[in-house]
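[1] structure, please.
(one chain, ligands or ions: 1)
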Amino acid sequence: MNDLVTHIQHPLIQHKLTLMRQKDTSTAEFRRLLEEISMLLAYEVTRDMPLEKVPIETPLTPMNAPMLSGKKLVLISIMRAGQGILDGMLKLIPSARVGHIGLYRDPRTLIPVEYYFKVPTDIHERDMLVVDPMIATGNSAIAAVHRLKQTQPQSIKFICLLAAPEGIANFHTDHPDVPIFTAAIDERLDEHGYILPGLGDAGDRMFGTQ
Ligand code: URA
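    Next up, the predicted model:
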């Protein structure tokens, strides 16, 4: 791997991800684990956020204590599976603004078509974290980031749970400026574009729609 891909190997994340992969894990458990992992991912991807010293008073004495400086975040959920990661990250970063993007692939042309797009108006002042549990072919991630770049955020990071090597390569061909943070890099895609060994369809497992 390279500087553009951060494989987050924290033992708690790896343990919870293994539980999520198991086919007998219930919908409720899957959602709970995804929320917990997402909080841990948020912890990792925000470790470079700048701090500034601000004067405060403890019950005993004044001090200059570190707080997050002016930088503001916007979290973007790629619908629908991004919702699970979004919920977990918001637990840790409750003041972040949120945007949503929905794309589907036209079955005839195979071109991604936008069906929903709603983001904060001050996005150009914000650092953007785009969330989707899976980078499989990478096509929807690529299309989403192309669209989001039009809003000119300060920076963009892409956060997922699982990525296929093909999807990562595909994504970085189009977006060499956008780092990916992932909890696992799996073996490959199957003939239907599912990640192997993977965890199945993240949206179906999260919402119980299978
Ligand atoms: N999307 C999913 O939810 N699962 C995969 O394996 C690939 C894409």
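[2] just the helices in this structure please.
    11-21, 27-45, 82-92, 139-149, 165-174, 202-207 (DSSP state H).
[3] just those helices: most buried one?
    helix 82-92 (a mean of 21; mean count of other C-beta atoms under 10 Å). No exception for glycine: its C-beta is placed from N, CA and C like everyone else's.
[4] of all the helices of the chain, which one is nearest Asn2?
    Asn2 lies closest, by C-beta to C-beta, to one member of the helices of the chain: helix 165-174, at 8.4 Å.
[5] so, low pLDDT: which residues of this protein?
    1, 110 (pLDDT under 70).
[6] got the residues of it near the ligand?
    Ala81, Met134, Ala136, Tyr194, Ile195, Gly198, Asp201, Ala202, Gly203 (C-beta under 6 Å from any ligand atom).
[7] out of these, who's nearest Asp87?
    Ala81 (11.6 Å).
[8] need the contact list for that closest one.
    Asp132, Pro133, Met134, Ala202, Gly203, Met206 (C-beta atoms under 8 Å, 6 or more residues apart in numbering).
[9] let's go with 6 Å and repeat that
    Ala81 makes contacts with Pro133, Ala202, Gly203, as judged by C-beta atoms under 6 Å, 6 or more residues apart in numbering.
[10] not including adjacent chain positions, what is the nearest residue to the first one?
    Looking back up the chat, that one is Pro133. Setting aside the residues directly before and after it, Pro133 is nearest to Ala202 in space (C-beta to C-beta, 6 or more residues apart in numbering), at 4.1 Å.
[11] what residues does stretch 37-54 touch?
    8, 12-13, 16, 64, 66-69, 71, 85, 88-89, 91-93, 157, 159, 181.
[12] at 8 Å instead, please
    6, 8, 10, 12-13, 16-17, 20, 64-71, 73, 84-89, 91-93, 129, 131, 157, 159, 161, 181, 183.
[13] check contacts around His124.
    Per C-beta under 8 Å, 6+ apart, neighbours of His124: Thr151, Gln152, Pro153, Gln154.
[14] I'd say the last one and Val74 touch.
    No - because the distance of 9.4 Å does not satisfy C-beta atoms under 8 Å, Gln154 is recorded as not touching Val74.
[15] between these two, which one's more packed in?
    More crowded of Gln154 and Val74, by other C-beta atoms under 10 Å: Val74, with 23 against 14.
[16] OK, contacts around that one?
    By C-beta under 8 Å, 6+ apart, the residues touching Val74 are Ala96, Arg97, Val98, Gly99, Val119, Pro120, Ile123, Arg126, Asp127, Met128, Leu129, Pro153.
[17] now those residues: which count as buried?
    Among these, those that count as buried by neighbour count (16 or more other C-beta atoms under 10 Å) are Ala96, Arg97, Gly99, Val119, Pro120, Ile123, Arg126, Asp127, Met128, Leu129, Pro153.
[18] for Leu92, see how far away the fifth one is.
    When you say that, I think you mean Pro120. Noted for Pro120: a distance of 19 Å to Leu92, by C-beta to C-beta, to the nearest Å.
[19] check contacts around Ile101.
    Counting by C-beta under 8 Å, 6+ apart, Ile101 has contacts Ile76, Ser77, Ile78, Met79, Glu114, Tyr116, Phe117, Val119, Ala144, Arg147, Leu148.
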